[in-house]
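A.B. asks: A structural model of the following input is requested.
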Amino acid sequence: MTTMKAMLIERYGKQQPLRLADVPVPAIGEHEILAEIHAASVNPVDFKIRDGKLKLLLHFDMPLILGNDFAGVVRAVGSKVQRFKVGDAVYGRPRKSNIGTFAQFIAAHEDDIAPKPANLSFEEAASVPLVGLTAYQALHDLMHLQAGQKILIQAGAGGVGTFAIQLAKSMGAYVATTAGEAGAPLVQSLGADRIINYHLENFAQVLHDYDAVLDTLGGEALLQSFQVLKPGGMVVSVSGIPDGRFARENGLGMFKTLLLSLASAKITRRAHQSGAAYRFLFMHPSGEQLRRITTLIETGKIVPVLDRVFPFAQAQQALDYAQSGRAKGKIVVKIK
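C.D. replies: Model (predicted):
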């Protein structure tokens, strides 16, 4: 097969629709595998990329195939691939320069994928990589969350939230989360210790002396998050504004560093006033961390939460539904 079906955008724009097109099957490098994609999940980064909101951080050529994580089967391997063979069931989050999982095939570096959890379907597995790695890198790599510590996870019924609650509980933490009436039973079933109904209570007025906050909302919720921390606590945000530190660590150059420092000044000031730390997280692919996540899933400590599975032809509806904010857990597109 030399061509494949893919869902792509022609240019940036909020109203830019996904278009089903025939495109070449990607060629693989010596360290890459070619995966036949069975399912891909929808993430907020998909419509942020489409809308052009990440142009300062990421450059993409058009037309662009959207989609940032997947589960599928290896159909070819590069000459130097060592960990995978044709026929292996895998899942992963391809590196940012190589997105495009709303398609029948993808080329992925072997370092960025892992064997699919044996106890999950392809649809369930596809829901994991981006949110799983986001939660893992926030709680393990940045917060260094310890047993007995207290963490607030914003929007617990969302894709990142449902995973992060379970991960935090597996680490022995006390977990508070925000949710509406519809999401409360779900987050309770996942192990949340304290549920704040955001329609009735302001989390910043009822929570105190927390060690960490995982912010998935940005805006005013991010600014208020510093109020719940004890001195020395940390807010990790996946929806806030990248700061100068993030720009320096990612080699974005002097101009972008200055721009982001200015844009994030209010957040940085609030963190300083609170005696707390602020870190913006732009998750990176890691097959090694996915293998650790696989162990948590196969031992029953984490169970993926799916809201809805859409057929490939309805990828646009899946994106629209994700952007509505009504989903509880993950939205998946079934491709094969």
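A.B. asks: Where do the helices of this structure begin and end?
C.D. replies: For the chain, the helices defined by DSSP state H cover 44-51, 122-126, 129-136, 159-170, 184-189, 203-206, 219-225, 244-249, 253-263, 265-274, 287-298, 315-324.
A.B. asks: between these, which one is nearest to Asn197?
C.D. replies: The closest of the helices of the chain to Asn197 is helix 184-189. By C-beta to C-beta, the value is 6.7 Å. All C-beta spots, glycine's among them, are computed from the backbone N, C-alpha and C.
A.B. asks: before we move on, the earlier item: and the helices of the chain as TSV, adding distance to Val213, mean pLDDT and mean neighbour count?
C.D. replies: TSV is the format used below for these (distance: least, C-beta to C-beta, whole Å; pLDDT from 0 to 100; neighbours: other C-beta atoms under 10 Å):
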stretch	distance to Val213	mean pLDDT	mean neighbour count
helix 44-51	18	94	20
helix 122-126	28	98	26
helix 129-136	13	98	27
helix 159-170	11	98	26
helix 184-189	16	98	17
helix 203-206	9	97	15
helix 219-225	4	97	19
helix 244-249	17	92	18
helix 253-263	20	92	15
helix 265-274	11	96	16
helix 287-298	22	98	18
helix 315-324	23	95	18
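A.B. asks: As a markdown table, these with distance to Ala35 would be great.
C.D. replies: As requested, the helices of the chain are exported to a markdown table (distance: least, C-beta to C-beta, whole Å):
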| stretch | distance to Ala35 |
| --- | --- |
| helix 44-51 | 18 |
| helix 122-126 | 11 |
| helix 129-136 | 12 |
| helix 159-170 | 22 |
| helix 184-189 | 31 |
| helix 203-206 | 40 |
| helix 219-225 | 36 |
| helix 244-249 | 30 |
| helix 253-263 | 33 |
| helix 265-274 | 38 |
| helix 287-298 | 13 |
| helix 315-324 | 18 |
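A.B. asks: Nearest to Gln82 among the ones you listed would be which one?
C.D. replies: With C-beta to C-beta as the criterion, Gln82 lies closest to helix 287-298 of the helices of the chain, at 11.9 Å.
A.B. asks: and the closest one, how far out from the chain's middle?
C.D. replies: Put simply, helix 287-298 sits 15 Å off its chain's centre (C-alpha atoms, centre = their mean, to the nearest Å).
A.B. asks: tell me what that helix is packed against?
C.D. replies: strand 89-92, strand 113-115, helix 129-136 (3 or more C-beta pairs under 8 Å, 6 or more residues apart in numbering; DSSP states H and E).
A.B. asks: Rebuild these as CSV, extending it with distance to Pro44.
C.D. replies: As requested, the helices and strands packed on helix 287-298 are exported to CSV (distance: least, C-beta to C-beta, whole Å):
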stretch, distance to Pro44
strand 89-92, 19
strand 113-115, 22
helix 129-136, 10
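A.B. asks: And those: which comes nearest Phe203?
C.D. replies: Comparing those by C-beta to C-beta, helix 129-136 comes nearest, at 19.0 Å.
A.B. asks: With just CA atoms, put that closest one into PDB.
C.D. replies: This file holds the C-alpha atoms of helix 129-136, laid out as PDB (Å, rounded to 0.1, in the frame of the first residue of the first chain):
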ATOM      1  CA  PRO A 129      -0.500   7.900  26.000                       C
ATOM      2  CA  LEU A 130      -0.900  11.700  26.000                       C
ATOM      3  CA  VAL A 131      -2.900  12.000  29.200                       C
ATOM      4  CA  GLY A 132      -1.000   9.200  30.900                       C
ATOM      5  CA  LEU A 133       2.400  10.800  30.200                       C
ATOM      6  CA  THR A 134       1.100  14.300  31.100                       C
ATOM      7  CA  ALA A 135       0.000  13.000  34.500                       C
ATOM      8  CA  TYR A 136       3.100  11.000  35.000                       C
END
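A.B. asks: Check which helices and strands that helix is in contact with.
C.D. replies: By 3+ C-beta pairs under 8 Å, 6+ apart, helix 129-136 packs against strand 32-42, helix 159-170, helix 287-298.
A.B. asks: Nearest to Ala184 among those would be which one?
C.D. replies: Taking these one by one with C-beta to C-beta, helix 159-170 is closest: 12.3 Å.
A.B. asks: Restrict the closest one to CA atoms and write it as CSV.
C.D. replies: Extracted in CSV, the C-alpha atoms of helix 159-170 (Å, rounded to 0.1, in the frame of the first residue of the first chain):
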residue,chain,number,x,y,z
GLY,A,159,-9.1,13.2,30.2
VAL,A,160,-6.0,14.2,32.2
GLY,A,161,-8.0,14.4,35.5
THR,A,162,-9.4,10.9,35.4
PHE,A,163,-5.9,9.5,34.8
ALA,A,164,-4.1,11.8,37.3
ILE,A,165,-6.5,11.0,40.2
GLN,A,166,-5.8,7.3,39.8
LEU,A,167,-2.0,7.9,39.5
ALA,A,168,-1.9,10.1,42.6
LYS,A,169,-3.9,7.5,44.6
SER,A,170,-1.4,4.8,43.5
